[in-house]
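Visitor: quick one, what's the 3D model for this:
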Amino acid sequence: MRRCSKPLILAAFLLAFLPGALHAQNAPAQPAPAPNVSPQNPEAQPPLDVDRDPILSPDADDNQAVSPTHPNQAVHRDNGVYTLRRNVDEVVLNCTVIDDHGQLVNDLTQNDFRVFEDNAPQTIVSFQHSDIPISLGILVDNSGSMRDKRAAVDTAALDLVRASNPDDEAFIVNFSDEAFLDQDFTSSIAKLNDGLSNIQSRGGTALYDAVVASADHLAQGARHPKQVLLIITDGEDNASTLDLEQTIHRIQDLQGPVVYSIGLLFGDDTDGGEARRAKRALQLLSDETGGLAFFPRNLLDVDTVAAEVAHDIRNQYTIGYHSTIPMSLGGYRTIRVEARAQHHGKLYVRTRSGYYPKTDQATQKAAAGASSDTSGR
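Guide: Below is the predicted model:
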C-alpha cells in the first residue's frame with residue numbers, strides 16, 4: 001500500500017486546543033492530569049500522512065444520518081434498533097460499572113445513577129444501556145522494536161473488530177516517528193487487515209502526536225458519537241512534539257474519545273525505567289478518559305486482552321446531562337458519577353474525569369469586542 005508523500009495537517013487542533021488553553025488560564029485552579037510532565041510547544045500539530053482511496057468508501061451506511069462535519073448530531077436508524085440523540089450543549093458520558101468483585105453490572109436504571117460536575121449535582125437528561133455502534137481508531141506502534149510483535153498484535157486487533165457491533169466503523173493508524181492513516185473509516189475486515197499489514201518498522205515512537213491526530217480525525221469524520229481509541233505500543237514516547245499533559249488536555253477539550261491502552265512492556269530487552277514511564281503514561285491516558293490500560297505479560301495474552309476491551313465497550317451506560325455551569329465560562333470541569341442499587345453492594349463507576357466545555361464562539365467574540373472597546377477608552 002503506497003503512502004502519500006504530502007502530510008495532512010489537522011488544523012482542528014490549532015482551532016480548538018489553543019482557545020481551550022486560554023480558557024484554562026482564566027478558570028479557577030484545577031489539578032492538572034499530569035503535573036510532572038514538562039510542557040512543549042502546543043502549536044506543533046503532528047502530521048497524519050494519509051493513504052486513502054480517491055473515492056468515498058462504499059461502506060457508508062445510508063441509514064446513519066450523521067454528517068461527518070457534525071459528529072455531535074444524533075444517530076438515527078430507520079428500524080429503530082439503535083438511537084442516541086445528542087445536543088451540542090449536552091455532556092455525554094460513557095460509563096462502565098463494576099461491583100466489588102470486579103464484575104460488570106448491567107442491570108441498572110437511570111435512577112440508580114448520580115452525576116456531579118465540580119461537586120455540584122446534575123440532572124440526567126438522557127440514558128441508554130445498549131450495544132450502540134462506535135467509531136474506533138486503532139493505533140499500532142510501528143517502531144523498530146515492534147517488528148517481532150506485529151503479527152500477534154494485528155491478529156488481536158482484527159479479533160476485537162470481529163467481536164464488535166457490525167455497524168461499528170474503524171480506521172488504522174500505524175505510527176513510529178510519524179503517524180500514517182493506512183486505512184480510513186470502514187467496516188470491512190479485509191480493508192482493516194490491509195491497513196495493518198502496512199508494516200515498515202523503523203524510527204522512534206511519537207505516541208502523543210499520533211493520539212492527538214487520531215482524536216482530531218475522529219472529531220472531524222466519525223459517523224458515531226460514541227468514539228474510542230485503542231493504542232498498542234511497546235515503549236514510551238520519544239519522538240512527539242506534544243507532551244502527555246497536552247495530549248490529555250486535547251482529548252478533554254474534544255470531550256472524547258475513550259482511550260484503551262495495551263502496553264507490551266515485557267521482554268529481556270525492555271528497559272525498566274522506560275517501561276515504568278510508558279506504563280504511567282498509558283495509565284493516565286486511559287484513566288483520564290474513562291478507558292482501561294492493560295499490560296499483558298506476553299504476546300499470547302494480547303488476544304485475550306483485546307477481547308476484554310471489546311466486552312467492556314459493549315457493556316457501557318451512556319448518560320447525558322446539561323451542565324448547571326454556563327458553557328461560556330470555560331475552564332476545566334471535573335466529573336464524578338456514582339451508582340447505587342438496593343440489590344447490589346458497593347458499585348464503582350469508570351468514566352472520564354472531566355472536560356473543557358465547547359464555549360460559544362459568538363460569546364467569545366462579544367467578549368473580545370467588549371475588551372477592545374474598554375481598552376480604547
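Visitor: ok, residues contacting the helix or strand hosting A306?
Guide: Following DSSP states H and E, one finds A306 within helix 302-314. Helix 302-314 has contacts (C-beta atoms under 8 Å, 6 or more residues apart in numbering) with 96, 104, 131, 134, 152-153, 155-157, 159-160, 163-165, 228, 230, 232, 258, 260, 262, 264, 292, 294, 296. Any C-beta I mention is one placed from the backbone N, CA and C, and that applies to glycine too.
Visitor: now for the following helix or strand past that helix, which elements pack on it?
Guide: Toward the C-terminus, helix 302-314 is succeeded by strand 317-321 as the next helix or strand (DSSP H and E). Applying 3 or more C-beta pairs under 8 Å, 6 or more residues apart in numbering; DSSP states H and E, we find strand 317-321 packed against strand 91-99, strand 113-117, strand 124-128.
Visitor: got a list of contacts for the longest one?
Guide: If I follow you right, that is strand 91-99. By C-beta under 8 Å, 6+ apart, the surrounding residues in contact with strand 91-99 are 86, 104-106, 108, 113, 115, 117, 122, 126, 225-226, 255-256, 258, 290, 312, 315-323, 335, 337, 339, 344-352, 355.
Visitor: buried ones from these, can you make that a ChimeraX selection?
Guide: Entered in ChimeraX, the line below selects the buried ones among those, by 16 or more other C-beta atoms under 10 Å:
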select :86,105,108,113,115,117,122,126,225,226,255,256,258,290,312,315,316,317,318,319,320,321,323,335,337,339,347,349,350,351,352,355
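Visitor: tell me the confidence at the residue positioned nearest the centre of the chain?
Guide: Nearest to the mean C-alpha position of the chain, by C-alpha atoms, centre = their mean, lies P257 at 2.5 Å. P257 is assigned 96 on the pLDDT scale.
Visitor: how far away is D131 from T289?
Guide: Remark: distance between D131 and T289 (C-beta to C-beta, to the nearest Å) = 20 Å.
Visitor: against F171, how distant is N106?
Guide: For N106, the distance to F171 (C-beta to C-beta) stands at 29 Å.
Visitor: show me which of the contacts of helix 302-314 are buried.
Guide: Buried, going by 16+ other C-beta under 10 Å: 96, 134, 152-153, 155-157, 159-160, 164-165, 228, 230, 232, 258, 260, 262, 264, 292, 294, 296, out of those.
Visitor: secondary structure element for V173, which one?
Guide: Assigned by DSSP H and E, V173 falls in strand 169-175.
Visitor: sec struct for T247, please.
Guide: Secondary structure, DSSP: H, G, I helix; E, B strand; the rest coil: T247 is helix.
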